[in-house]
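Novice: no letters, just coordinates:
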């Protein structure tokens, strides 16, 4: 149990007037949670303070060796004004998996969740009111040693910041075109694919930009060894509905264990779908499309919930999906998951954690 | 040609009194070079200012997505008091290769070198005087957008800081024990192995710490696909002298193109050695050791110049090298390269750039 010292701002910012123009992660709430780590002493000085800049020495290791990890989650406002979180324990556990791989200190999951709840409570008026909008929560941790030696740092800062963010689909769930990346990779066995470390994202940027220039929304990543099996799409997990059954890459070290991914798999199994968490070759996906068996394709992630795919381009071949429309199952998953998150549907799974 | 505005400190720090206690990258000189980039405008505001902290918003992208790259180089003081650099153009070009892979803006190599020279000139009194000590120079670039969207940033900061650093081998060139890493990897084709991006180092820390706990100095990285071929050692390139010939991994995307590596290859070829830049299986290295043909093994890098290896441990097998002593060729390479760098030997290769 953290002893969190709260210092409230004396200069609250003006809240966004037009929630339809929020965008994603562009403005931040009045406060932030901070906690520092010193080797030998552990985590200390848990505090909520006014959001503001940090003074950083240019030789701080995070600028040089990228010892940095993060999480992404949301706070939702229900119709009757309650504020709630979705499976924050999953984020807390994944944060610690990331920390372990990056040589960083873990945070007790109950402390992680307590910190998120405490900050969201202080900034509860920042949780948007409009449909589909939410308070995006970004817990992250950076190495704060000052010096250029390459080793695990002895000092870290854990922070949580919050950004009121708009509905991901301002104009409805618009299916997207995806480029199957055959040059760059995102991960390989023995590297950091299963973590949310900064380096994974830095390495992915170039392929994303090149795909965007060619008119695609995202890239689909293939495995790093054979460049043969599908892994993720952009920074989301990806699922394929083929001949009535669901296929998605297994979480075996190269694929991020998405909270949305596992929640969707649970829902699909409840609904009687057969879900294959196994390696699927891109060639087999394209073949299924040719044979008319590739019924739906969608990305899954916290930001978008689900992102329907209408087209896959791989080595000059094109697969068209669902006639360019969102699939029936994709829509049902979106409606169910967002229904639970925003409190419109009963939480039969025990996924909701209220912020009181 | 940059127009560099110089603002000198009014509070110069005390210079280190005891150069034998400098260590590596722990204290910094009086000034730093800064330059900022804005999309559409390019690089601007080149300046040398007193070394000091930066004010950073917690949502700055470098803390989250690790768009960050760096270089490492040194300034050397000669016996007659001149200050000189070693192949700074190589660092400038590699910096741009890193920038391209990470989706970051390049810097004209002549501007990069000009900035390094200008800063070293201002802080020339910080270049150590004692044998083997030098001014370590750290040019680096970080993304400075504020916001949580994952894309190439539109704002960057390029900085150069300098750390007077001690002789790498305070007690002579002591050969080290190396653990051949068979679980974690450093790079794979299509990723960022050939760049000096922060993410490469973050991903390498855990294996390094585990090896250290077991009494090894560094890990030897195998290729990321088959875990069969040798690539690098710690954050250095690695070379093997087998039966009179030299073997080292080729720079094909997964291996850092070291400036020391290429300089040593040039020297070796001048001296008549056959140098194989080709994939070498760790099994063949161990076999050569068994047969008494593995004559010398050494890492190469800017910090250490050369680092002799006395032992390789791979899957329970142990190779002992050079009877635990530094090899004759390793010593000759060290003496020649440091001789050129510190101005004790004539620069017949055109590698030295004076700072006037």
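Specialist: Alright, I've got the coordinates. Since the model is a prediction, treat every value here as computed from it, not as a measurement.

Novice: and the helices in chain A?
Specialist: In chain A, the segments counted as helices under DSSP state H are A:62-65, A:88-101, A:109-122, A:198-213, A:259-270, A:282-290, A:328-341.

Novice: flag every buried residue along the last one.
Specialist: Read that as helix A:328-341. Neighbour-count burial for helix A:328-341, counted by 16 or more other Cβ atoms under 10 Å in any protein chain shown, picks out A:329-331, A:333-334, A:336-338, A:340-341. Backbone N, C-alpha and C define where each C-beta goes, glycine included.

Novice: with the third one instead?
Specialist: Buried residues in helix A:109-122, counting neighbours by 16+ other Cβ under 10 Å, are found at A:109, A:111-120, A:122.

Novice: and for the shortest one?
Specialist: Of the residues in helix A:62-65, those buried by neighbour count under the rule 16+ other Cβ under 10 Å are A:62-65.

Novice: how about the fifth one?
Specialist: By neighbour count on 16+ other Cβ under 10 Å, the buried set for helix A:259-270 is A:259-265, A:267-268.

Novice: got the contact list for residue A:160?
Specialist: Counting by Cβ atoms under 8 Å, 6 or more residues apart in numbering or on different chains, residue A:160 touches A:32-33, A:115-116, A:119, A:137-140.

Novice: count the residues that sit near the nearest residue to residue A:116 once chain neighbours are set aside.
Specialist: With sequence-adjacent residues excluded and distances taken as Cβ to Cβ, 6 or more residues apart in numbering or on different chains, residue A:116 is closest to residue A:88, at 5.6 Å. The number of residues packed near residue A:88 is 28, by other Cβ atoms under 10 Å in any protein chain shown.

Novice: cool, the one 5 residues further on as well?
Specialist: Neighbourhood size, residue A:93 [other Cβ under 10 Å]: 16.

Novice: hmm, residue A:108 and it touching each other?
Specialist: No - proximity of residue A:93 to residue A:108 does not meet the contact threshold set by Cβ atoms under 8 Å, at 10.8 Å.

Novice: rewinding a little: out of the helices of chain A, the one nearest residue A:308 is which?
Specialist: Proximity to residue A:308 (Cβ to Cβ) singles out helix A:328-341 among these, at 4.8 Å.

Novice: residue of the stretch 51-200 of chain A with the smallest distance to chain B?
Specialist: As assessed by Cβ to the nearest Cβ, chain B sits closest to residue A:199 within the stretch 51-200 of chain A, at 2.1 Å.

Novice: can I get the buried residues of helix A:62-65 in JSON lines with pLDDT and distance to chain B?
Specialist: Formatted as JSON lines, the buried residues of helix A:62-65 follow (pLDDT from 0 to 100; distance: Cβ to the nearest Cβ, whole Å):
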{"residue": "A:62", "pLDDT": "98", "distance to chain B": "7"}
{"residue": "A:63", "pLDDT": "98", "distance to chain B": "5"}
{"residue": "A:64", "pLDDT": "98", "distance to chain B": "6"}
{"residue": "A:65", "pLDDT": "98", "distance to chain B": "4"}
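
Novice: what about the helices of chain A, which gets the closest to residue B:102?
Specialist: When the helices of chain A are compared by Cβ to Cβ, helix A:198-213 sits nearest residue B:102, at 5.7 Å.

Novice: how about the residues of the stretch 201-350 of chain A near chain B?
Specialist: Proximity of the stretch 201-350 of chain A to chain B is confined to A:201-206, A:208-209, A:224-225, A:227, A:234-235 under the rule Cβ under 8 Å from any Cβ of the partner chain.

Novice: buried only: go through those residues for me.
Specialist: Buried subset of these (neighbour count, 16+ other Cβ under 10 Å): A:201-206, A:208, A:224-225, A:227, A:234-235.

Novice: what about the stretch 101-250 of chain A, any weak spots by pLDDT?
Specialist: By pLDDT under 70, the low-scoring segments of the stretch 101-250 of chain A are A:169-172.

Novice: quick one: the strands in it?
Specialist: Counting by DSSP state E, counting those that start in this stretch, one finds strands in the stretch 101-250 of chain A at the ranges A:134-143, A:155-165, A:176-180, A:218-222, A:230-233, A:236-242, A:245-248.

Novice: of all those strands, which one comes closest to residue B:296?
Specialist: With Cβ to Cβ as the measure, strand A:134-143 is the member of these nearest residue B:296 (35.6 Å).

Novice: and that closest one, what does it pack against?
Specialist: Using 3 or more Cβ pairs under 8 Å, 6 or more residues apart in numbering or on different chains; DSSP states H and E, the elements in contact with strand A:134-143 are helix A:62-65, strand A:68-70, strand A:73-77, helix A:88-101, helix A:109-122, strand A:155-165, helix B:62-65.

Novice: could you dump those to JSON lines with distance to residue B:323?
Specialist: Formatted as JSON lines, those follow (distance: least, Cβ to Cβ, whole Å):
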{"stretch": "helix A:62-65", "distance to residue B:323": "35"}
{"stretch": "strand A:68-70", "distance to residue B:323": "43"}
{"stretch": "strand A:73-77", "distance to residue B:323": "57"}
{"stretch": "helix A:88-101", "distance to residue B:323": "38"}
{"stretch": "helix A:109-122", "distance to residue B:323": "52"}
{"stretch": "strand A:155-165", "distance to residue B:323": "41"}
{"stretch": "helix B:62-65", "distance to residue B:323": "47"}
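
Novice: out of the ones you listed, nearest to residue A:23?
Specialist: strand A:155-165 (6.9 Å).

Novice: run the chain-centre distance for that closest one.
Specialist: Computed by Cα atoms, centre = their mean, to the nearest Å, the separation of strand A:155-165 from the middle of its chain amounts to 14 Å.

Novice: okay, the angle between it and strand A:73-77?
Specialist: 40 degrees (axes from the mean of the first three to the mean of the last three Cα atoms, to 10 degrees).

Novice: tell me the strands beside strand A:155-165, with direction?
Specialist: Neighbouring strands of strand A:155-165 in its sheet, by DSSP bridges, are strand A:31-38 (antiparallel), strand A:134-143 (antiparallel).

Novice: now do the shortest one and helix A:109-122, the angle between them.
Specialist: Just to be clear, that refers to strand A:31-38. With the same axes, to 10 degrees applied, the angle from strand A:31-38 to helix A:109-122 works out at 150 degrees.

Novice: in strand A:31-38, what's buried?
Specialist: A:31-37.

Novice: would you format the residues you listed as TSV with distance to residue B:49 included?
Specialist: Below are the buried residues of strand A:31-38 laid out as TSV (distance: Cβ to Cβ, whole Å):
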residue	distance to residue B:49
A:31	32
A:32	28
A:33	33
A:34	28
A:35	32
A:36	28
A:37	31
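
Novice: greatest separation within these: which pair is it?
Specialist: Longest span within the buried residues of strand A:31-38, Cβ to Cβ: A:31 and A:37, 20.5 Å.

Novice: quick one, which of the helices of chain A gets closest to residue A:150.
Specialist: helix A:62-65 (5.9 Å).

Novice: who does the closest one touch, helix- and strand-wise?
Specialist: strand A:134-143, helix B:62-65, strand B:68-70, strand B:134-143, helix B:198-213.

Novice: how does chain A divide up, domain by domain?
Specialist: A:5-167, A:176-341 (automatic domain parsing).

Novice: which of the ones you listed sits closest to residue B:304?
Specialist: Here domain A:5-167 is closest among the domains of chain A (Cβ to Cβ), at 12.2 Å.
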